[in-house]
Every structure is written in C-alpha cells, then in structure tokens.
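*Asks:* Output the structure for:
(4 chains)
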There are 4 protein chains.
Amino acid sequence: MIQLTLIQLDNYGRFTELLGVDRESDLQILQSELYADLQRMFALRRGLVFYNRFDNMLAVSNGISVKEHEMILRSVTRRYPVSISMGIGSAETPYEAQVLATKVLQETGSAQSETRKAILAQKSNDNGGQEYVQIAHIDINGFTSKVTDRESAYQSTYLIYSSTSILMRMFGDKGALLFFNGGDNFIAVCNGLKKPDFKEIFDRFEISMNLRLKAGIGFGKNALDALSRANIGLSLIREKKVNDVIFLNEEEML
Amino acid sequence: MIQLTLIQLDNYGRFTELLGVDRESDLQILQSELYADLQRMFALRRGLVFYNRFDNMLAVSNGISVKEHEMILRSVTRRYPVSISMGIGSAETPYEAQVLATKVLQETGSAQSETRKAILAQKSNDNGGQEYVQIAHIDINGFTSKVTDRESAYQSTYLIYSSTSILMRMFGDKGALLFFNGGDNFIAVCNGLKKPDFKEIFDRFEISMNLRLKAGIGFGKNALDALSRANIGLSLIREKKVNDVIFLNEEEML
Amino acid sequence: MIQLTLIQLDNYGRFTELLGVDRESDLQILQSELYADLQRMFALRRGLVFYNRFDNMLAVSNGISVKEHEMILRSVTRRYPVSISMGIGSAETPYEAQVLATKVLQETGSAQSETRKAILAQKSNDNGGQEYVQIAHIDINGFTSKVTDRESAYQSTYLIYSSTSILMRMFGDKGALLFFNGGDNFIAVCNGLKKPDFKEIFDRFEISMNLRLKAGIGFGKNALDALSRANIGLSLIREKKVNDVIFLNEEEML
Amino acid sequence: MIQLTLIQLDNYGRFTELLGVDRESDLQILQSELYADLQRMFALRRGLVFYNRFDNMLAVSNGISVKEHEMILRSVTRRYPVSISMGIGSAETPYEAQVLATKVLQETGSAQSETRKAILAQKSNDNGGQEYVQIAHIDINGFTSKVTDRESAYQSTYLIYSSTSILMRMFGDKGALLFFNGGDNFIAVCNGLKKPDFKEIFDRFEISMNLRLKAGIGFGKNALDALSRANIGLSLIREKKVNDVIFLNEEEML
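*Replies:* Numbering: from 1, shown residues only, chains lettered A, B, ... in the order given. A predicted model of the protein is given here:
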C-alpha cells in the first residue's frame, strides 16, 4: 500500500493577481521557499515532496498520519500569505493513489474556489495492505559530457523536458509516477514494476531520445528508506560494479 | 540587446554523492532555497531567474553589471556548501545570448571539473545595441476548470510538461526562450517576435494539445519592467477587454 | 526530568574570518536561516529552540531521541558551509540540564577546535524521572503604549535588553532559564518554580525597571505542549479574566 | 549624515494571537526568515539590518533611496502574512537619526493600530551633509577560551546580554548605537566617536564586567563599506599587529 498526498495552493491564481503586475519574482521566491519548507517537514517524517507544478505538489507520505499532515498544514498557513489544502490517497499503485488523493480534494471544491481553504481530505482503497514504497532513482548516461558541456543551456533543458514528458507517459502507463528532480535526474515512484518494465521503458526511451538511462531501485516502508536504497544501487552502477538496472532490497543493504 | 546569465552549480554531481545515500530531501531543499536566494538578489536589480534544470539556472540580467554578478556569486559562495559559476552572454536574440553565456562558461572547464570553482565569465556579440527585453506571459485558457479540477494531479502535470516541451521547441526555433513557471503559466523571453509569430505558435499548439493559449507581451529595459507590462496585458485579456494576444509598449502603460 | 540541547556552530570564528572582510550581512543571513531551519526541525518533534547567542543555541528537546538529533544534525551539515555540534543534557532542573549539555560538549573539544566537527554528545543525571516541561510565557504590561509608541526604537530595545539581563539572573538563581523571544516577550523554562517565585521575581523586577510583568505558565511532556498551555493562560490574563500570574495544568486546558 | 531605518511589523501582537496557542515555533521561524530576507535586500544596496527586538528592526540605510525602500517593503508584504512599516531618519548622529526614524513612524499611528499598514515615512534633520557612516566591530578578548569552553551555555549568554545592556547605554550616551550580533561580537554605529571615547568605554566596561574589548573602526559612504574596513582593523588586532582599538580610513585600506 502506497500513500500519496496532493498539496494544492488555495485559489492561487486570484492571490497572484491581487499582488499587482510587478509580482513575478516574489511569486517564484514564495513558491520555492514554500516547497523547501514542505520538503523539510515531510522529510523529517521520512516522506518526500515533488515540486511538480509548483502550485500543485505531490508527496509520497507513507508513515505520516493525518494528524501530522494537519500540523504541517497549519504551520504553513501561519507563515504564508496563502493557504494550502491537502488530499491524501492510499492504494496499491502510485498512480491509483494520486487519483484518489486528487479526487478527494476535488470533491471539497475547485482549486479556484473562494471558500475552500486549508482543507485536509483523505481517501483510501486500502484493503489492509502493508506500507510499502518502491522508488527508482534514474539518470542519463554521460549527460554532462555529452550534453551539458557541449550544447547550449536551453538545448540541454529542452532535452530534459522532452525526456521528462516521454518518461512521465511511459511510467504512468504502468501505474507508476515519474518526476524530474534536477540536473539529469528522475525519480520514479514505481510500486509493482519489475526489471523487464525498466528494460522496456529504457529501450523505448533510447530509441526515441538517443540517450541511455540507468536506475537503482529500492524498497522500504517509507519514501526516504526506499530512495536511500535506490541511491546505493545507482552508485554501484556508476562504479561499473553492476549493470544499468539494479534492484536493492533490504537484505542487499550495505 | 538582451543579456542572459547561465548559473551553474560547480561539480554538483560529485557534491551530491559525497552527502551519502539519504541525501535527496536535503538536496531538494538546498536547490530550491538557492534558487529563491538568487531570484531575490537578481530581482532587486530588476532581473529574473528561471529555475530551469535546478542545477543550471538561466537569468535575464539586463542592467546587472559584472561587478553586481560577482557580489551575488560571492554572497552565495559564503552561505552554501557548494559554489556556483556564471556565464554572461549578450546578443540580439535571447537564444543567441544564452548560447554565448553557455559557451563562455564551457570554455572555463567542465561542469564536473574539480578545479573550476566560482568562475564568472562573459561574452558579448553586442554591436552597441540598447538594453532591451521583450517578455510574454502566457497561460492556458480555462486550465483549472478543464484540467486541474477534473483530471488527476499527475495527468495535469503531464499535460503541462508536454506543453512545455512543445513550446520550448517552437519558441526556440524562433530565437526565443520559453520557461515553465508554475501552474499553467509560461514565460517567453522573446525579443523580436511579432504578433503573427504568437498566432502561429498558439494555433500549432492548439492542434497538438487541444488547449488554447493567451499571452500578454511587454517591453522594457530590464526583465521585470517587461514582465510587468506583459502582466497588464494578460489581465486585460482575462477581463475579456482584448483578444488573446496583446503587446503592451511604454505608451500603453496604465 | 527536562532535556536541554546545546547547539554550537563548529569553529565558527575561524569560518567567518575566511569569508573575507565584507562578510557580515551574509553571516547574519546564514545564522538566522540556520536558526529558522533548526526551529522547524525541532518543532516538528514538539521541541523549541532559542536563538540565544546565535552561534550557540539552546533547545528544550524532551521527546526527541538521540537518533532524531542526529538526523537533524546531518541535514544541517549537508546544507550549510559550516557544521554544528550538539550536547544533550537531562536533569531535574533546566539550569542543571543545560550545565550537563554544555559540559558533555565541552569535553569533546573547544568550540574553536579545528578537529571537533559534527559531534553529538549526551549526558544525563536522570534517575528515571518522567518527561516533564514547565514553561512560562511572560510579557510586559502596556509596553507598546508606554514604550514602543513613545520612546525611540533604541531606547525601547535598551529597556528590553536590560530587562532580559535582569530576568536571566533572577530566573537562573532559581534553577530556571529565561530567554528573550521578540517584542516584549520572554519565555522561561521553569520546572519546579511556584507562584510565589513568580510573584517575587515580578515584584523585584518592577522595583528595578518600573515595568510590570504578567505570565501564563503551562506544563506538558514536551516544550510545545507546555508553551501552548502557557499561551492560554496569558490570553486569559490579557482578557482580564484572571490575575497576572496563572498556572494552567492539563485539567484546566480549554 | 547618517540614515537609519526603523522596520516595524504592523499590529504584530494581534496577528500572533490570531494564530492560536500553538504558534510560538512558527512565529520564531517567521521572524528570523523575515529578518534574513530584509538583510539580503538591504545588503544588496550596501545597507545593514540589525535584528534588534525582532518585531522592530533597525537598519543603517545610507545610499538606499525612498523608492528602493518601497520596493523592499512591497516585496515583503507580498510574501508574508503580516505587513511591515518603515520610518527613515537622517541626522548627524546615529542616535538622533533613529529618534527621527521612530518619531516619523509613530506619527502615522500606533504599532498596534489596526489601520496603519505598510507605511513608509521619512524625516530628515539633514542640512546638506554628505553620506557618511562610521562603524565599529567589537569583540571580547579570549571569550571562547575564558567563557564558552568553561562556563555553562546559559551563563555565557547571561554575560553577553549583560554586556550588551551596559554597552548599549554607554554608546547611547555618546550618540552612538550598539547592537549585539552573535557570539561575542558587537557592532557600534558610531559617527563622531573618537579613540578616547572607545578607550573610556572599554575601560569602564572592563571594570564592570572584568572582560576586555577590542575594536576595529571603519568609515565609508554606506554601512557595508564602513564595516568591511572595521573588519580589516579587527583582523590586524587579532594578529597582534596593532593595539586594541584601530581606526581604518580609506587611505589605510589594504
């Protein structure tokens, strides 16, 4: 069972317009500080937040109770000029969990509603499954030498956004979620995916983008435990000790 | 003449690995606080920084001198465990300016070099042109009601990343730069583009994505002046006072 | 049993000198962001950090395990150019607890040692006592109307610093700790103090400063629970529902 | 002529009460992030902000125009749930300048007024004098070895707050302003003070506290230039190249 939390800024469009026309830099600062803030609070509970669309963030939140969500929500609401709402969803696949998290929040009102404020809603498809998170840390082989050090900054970024878009679809089709997380790095929340799934996605990606991916995949009761194991795997690949996809389970922990 | 600055974290991949396997949340916090920090410092000088690939940021920096760049660079280097380098490029088109900014930095060493640290480099194709920035603030018509309030959070994000990828290419082909900046909003740095260019891009985008864009476009001596005017334009469109693309020049300022 | 944590920046004086002569504003930013960061991480565990001497902070940390201290320590060390060390002390009185916290850290080396880095040390006088925190939230009657709105900003601040100095001594003499926490507000960590202790301190303070104090005092298993109750008490006094010193225990919780 | 800016949070007491009883950690985070934010924005213009009473900050703001103050004020108001007001005062001595800055703000309404919001007011005694700032960076000889490494953390802090209180009065009596700025460091804004003034203050302080001070004193057109020179002076003293009080003027700059 995996738990996803959708974090949505309340009536954010209207808020931004009220700030006047010279607002953009302040909004970008506000958004990224809010994200850093949320990341810190979820991470202390071993969760992980993705920046996503900035005004809509997604977090893997296994092990974080509704009450703890509420503490975070209230802390943010006290310190920012705009409030956030949260929807929590639990299901067998990450994709399904975020569908539930979104729906339960949508049912409380529109993201642009003037009355929906600082809501915390929850929905579960959980049939008693155990807490379980599978995460892949993915990067592109030789991206710095092949792209960053050769192409223009904009061209490099274009390749990354195209890659993200392609990977989001391919992982989504398999019930998983793919997020860009800086540089040439991606994180997939991928409960249920097996080695052949990665092989297939990486082969199709290479045909499409002419770039080769590698991935360490880890498991755990929460996001950070799973990701730590994924990182161990990725390090082993970078040191050429193993092939380009490796699954690390608890027994293999170094 | 437009001036672009490429901001690159030095040897960041190696830095991240040294932090150990349980590093990811701290890296995301570090990256987004650094971005907020840079945004604040550039914005005080009327510049604008885009988050871009997180470890490679791009800024419109007209009106910000080399000395002021250096003050920013040193302030960051004092307060973070990782240093940044900057390349500054000036040219007639935004695309060309970022090519120069990238090249001049690449010439000082690889992004993964162990010796390249806190470098500030500069290159100009400037033939005496005046400081001039043209910026478009673009959003998607009815995205909240059509997508955010109906589709899952992941699906909404996928549409935005696909849109970004498509728009990056279409604007890039015309010598402009397109950045996603949260929600369903995009900012194009687009010196030289005319109304028909936008019409063409927006029509082709609609065919591809079945979503309609609108844009306010502004001009100025620096990024924030240009963007403020673009925002005035976008407000007029939102209030249905004008059509879906409007150019605001200084005389039209309210 | 109360637990105090001393948080000390490692070899900070030397670090600051290496930053060059134009460093001061960056240091102030660094210090206050680090404090905010630590506050957020301790507060999520129901602890409370005092800014104290900025490079030496004190936290009430009941309920926060050694392992959780270590997670916080490592998170900071990853994101700042300077590391911190921590000493944890538990005892019957707050004063004694901070003595132990200081000693155990001093025994690992000087604050200016070049080798002491990111240390976590712990010492307890605990003879099996239960976790227990008593906190007083104190403010000065009518300070805004009498002082802030009449005197110069510097004179107001002088009165506050003089008051802090006097109160620190008077509370310290009774085994308690007094911290200034902004405006005309003070927080005393005061396990074991009774109503007559407050009466005595407030009377002596009034004779000395010609200003009258009031205080809500709360209890709890951790810092934030205790302080929340203290705040309820202070609100009741401000609404003139009770006298100028009130003790709130769990039964009295609203 | 020196320019001081008083920065005051508007109706802050009321704001804090509305946050509920479990607010304290969030307030401390809010205050220190706001301070870091203001420091960054003033420092980019070569000004310097002192944390002071947290809800009332003082800045040396020579060279920062009213318009630039307004940009800072608006940027803060957009990103925080509470607004700030500012009073700017110019005069021959720092003490007089902060009196003017306070008065001009007090005249616009009480700090607890419900209607006074985001005000910017200005008052000058300036009779055409040039921008000029004199700053002393002061520390205590051997504080780490004598106190930090020996005494308890609370006792060390008590000595610092007592010292601050004494020094605030002694400098204030001479028309200067003294601020504690972390560790065992103080900054005095001290236009007009001469070497004998420092000798006198330091001797009287030693009699009172049995601790010896040293100071580098610098001059400049703005706060950071003056403080940079003061730091050079302090380094020379620490290296035993000069005595315990040194004035650095522009010619002496290294």
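
*Asks:* excluding its backbone neighbours, what's nearest A:Ser110?
*Replies:* Among residues not flanking A:Ser110 along the chain, B:Asp149 sits closest, at 5.0 Å (CB to CB, 6 or more residues apart in numbering or on different chains). Where C-beta positions appear, they are placed from N, C-alpha and C, glycine not excepted.

*Asks:* Could you report the pLDDT at that neighbour?
*Replies:* B:Asp149 is assigned a pLDDT of 94 by the prediction.

*Asks:* Same question for the one 4 residues further on.
*Replies:* In the predicted model, B:Ala153 carries a pLDDT score of 97.

*Asks:* Surely it is in contact with A:Asp55?
*Replies:* No: counting by CB atoms under 8 Å, B:Ala153 sits too far from A:Asp55 to count as a contact (11.0 Å).

*Asks:* Which one's more surrounded, the two?
*Replies:* Per other CB atoms under 10 Å in any protein chain shown, whichever of B:Ala153 and A:Asp55 has more neighbours is B:Ala153, with 28 against 24.

*Asks:* For the more buried one, list the residues it contacts.
*Replies:* Residues near B:Ala153 by CB atoms under 8 Å, 6 or more residues apart in numbering or on different chains: A:6, A:52, A:56, A:58, A:98, A:101-102.

*Asks:* Name the nearest of the residues you listed relative to A:Lys199.
*Replies:* Nearest to A:Lys199, judged by CB to CB, of the contacts of B:Ala153 is A:Gln98 at 24.9 Å.

*Asks:* what separates the closest one from chain C, distance-wise?
*Replies:* Look at A:Gln98 and chain C: by CB to the nearest CB, to the nearest Å, they are 24 Å apart.

*Asks:* Spatially nearest residue to that residue, not counting backbone neighbours?
*Replies:* A:Leu4 (4.5 Å).

*Asks:* Okay, and that neighbour sits in which element?
*Replies:* strand A:2-9 (DSSP states H and E).

*Asks:* what do you get for A:Arg78?
*Replies:* With DSSP H and E as criterion, A:Arg78 is part of helix A:66-79.

*Asks:* Residue of the stretch 151-254 of chain A nearest chain C, please.
*Replies:* A:Leu224 (10.0 Å; CB to the nearest CB).

*Asks:* residues touching that residue, list them.
*Replies:* Contacts of A:Leu224 (CB under 8 Å, 6+ apart): A:43, A:46-48, B:22, B:24-25.

*Asks:* circling back to that earlier point, ok, what's across the strand from the residue nearest to A:Gln98?
*Replies:* A:Val60, A:Gly89 (DSSP bridges).

*Asks:* my read: it touches A:Glu92, true?
*Replies:* No: using CB under 8 Å, A:Leu4 makes no contact with A:Glu92, being 11.9 Å away.

*Asks:* ok so, going back, check which helix or strand the residue of the stretch 151-254 of chain A closest to chain C maps to.
*Replies:* helix A:223-238.

*Asks:* For B:Phe54, see how far away the residue of the stretch 151-254 of chain A closest to chain C is.
*Replies:* 19 Å (CB to CB, to the nearest Å).

*Asks:* Identify the residue spatially nearest to A:Pro81, adjacent ones excluded.
*Replies:* D:Pro81 (4.9 Å).

*Asks:* From D:Arg23, how far off is the one you found?
*Replies:* 12 Å.

*Asks:* what are the ranges of the helices in the stretch 1-150 of chain A?
*Replies:* With DSSP state H, counting those that start in this stretch as the criterion, the stretch 1-150 of chain A has helices at A:12-18, A:24-43, A:66-79, A:94-106, A:143.

*Asks:* Let's have these in CSV, adding mean pLDDT and distance to C:Thr164.
*Replies:* Output for the helices of the stretch 1-150 of chain A, formatted as CSV (pLDDT from 0 to 100; distance: least, CB to CB, whole Å):
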stretch, mean pLDDT, distance to C:Thr164
helix A:12-18, 93, 39
helix A:24-43, 97, 30
helix A:66-79, 96, 25
helix A:94-106, 97, 46
helix A:143, 95, 55
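
*Asks:* In CSV, list those helices along with mean neighbour count and distance to D:Lys241.
*Replies:* Below are the helices of the stretch 1-150 of chain A laid out as CSV (neighbours: other CB atoms under 10 Å in any protein chain shown; distance: least, CB to CB, whole Å):
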stretch, mean neighbour count, distance to D:Lys241
helix A:12-18, 17, 55
helix A:24-43, 24, 43
helix A:66-79, 18, 47
helix A:94-106, 25, 64
helix A:143, 22, 51
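
*Asks:* and the residue nearest to A:Gln98, how many residues sit next to it?
*Replies:* A:Leu4 has 29 nearby residues by other CB under 10 Å.

*Asks:* now swap in the one 3 residues further on and tell me
*Replies:* Summarising burial for A:Ile7: neighbours were counted as other CB under 10 Å, giving 28.

*Asks:* can you tell me how far it sits from B:Gly109?
*Replies:* Applying CB to CB to A:Ile7 and B:Gly109 gives a distance of 39 Å.

*Asks:* ok, now A:Glu200?
*Replies:* From A:Glu200 over to B:Gly109 (counting by CB to CB), the distance is 38 Å.

*Asks:* and which of the contacts of B:Ala153 is nearest to A:Asn125?
*Replies:* For the contacts of B:Ala153, the nearest to A:Asn125 is A:Ala101 (11.0 Å; CB to CB).

*Asks:* Now for that closest one: which residues touch it?
*Replies:* So A:Ala101 contacts A:4-6, A:58, A:87-89, A:123, B:153 (CB under 8 Å, 6+ apart).

*Asks:* Tell me which of the residues you listed has the lowest pLDDT.
*Replies:* Within the contacts of A:Ala101, lowest confidence goes to A:Lys123 (87).

*Asks:* For B:Gly20, see how far away that one is.
*Replies:* Taking CB to CB, one finds A:Lys123 at 36 Å from B:Gly20.

*Asks:* Would you confirm that A:Arg45 contacts A:Ala59?
*Replies:* No: assessed by CB under 8 Å, A:Arg45 is found out of contact with A:Ala59, at 10.0 Å.

*Asks:* Looking at these two, which one has more neighbours?
*Replies:* Taking neighbours as other CB under 10 Å, A:Arg45 and A:Ala59 compare with A:Ala59 leading, 28 against 21.

*Asks:* I'd guessed that one sits against A:Val49; true?
*Replies:* Yes: with contact defined as CB under 8 Å, A:Ala59 reaches A:Val49; the gap is 4.3 Å.

*Asks:* list residues touching both of the two?
*Replies:* Common neighbours of A:Ala59 and A:Val49 (CB under 8 Å, 6+ apart) are A:7, A:38, A:42.

*Asks:* so which of the residues you listed also contact chain B?
*Replies:* A:Phe42 (CB under 8 Å from any CB of the partner chain).

*Asks:* Just the closest of the shared contacts of A:Ala59 and A:Val49 to chain C, please.
*Replies:* A:Phe42 (9.7 Å).

*Asks:* Spit out the contact partners of that closest one.
*Replies:* A:48-49, A:59, A:61, A:64, A:72, B:25 are the contacts of A:Phe42 under CB under 8 Å, 6+ apart.
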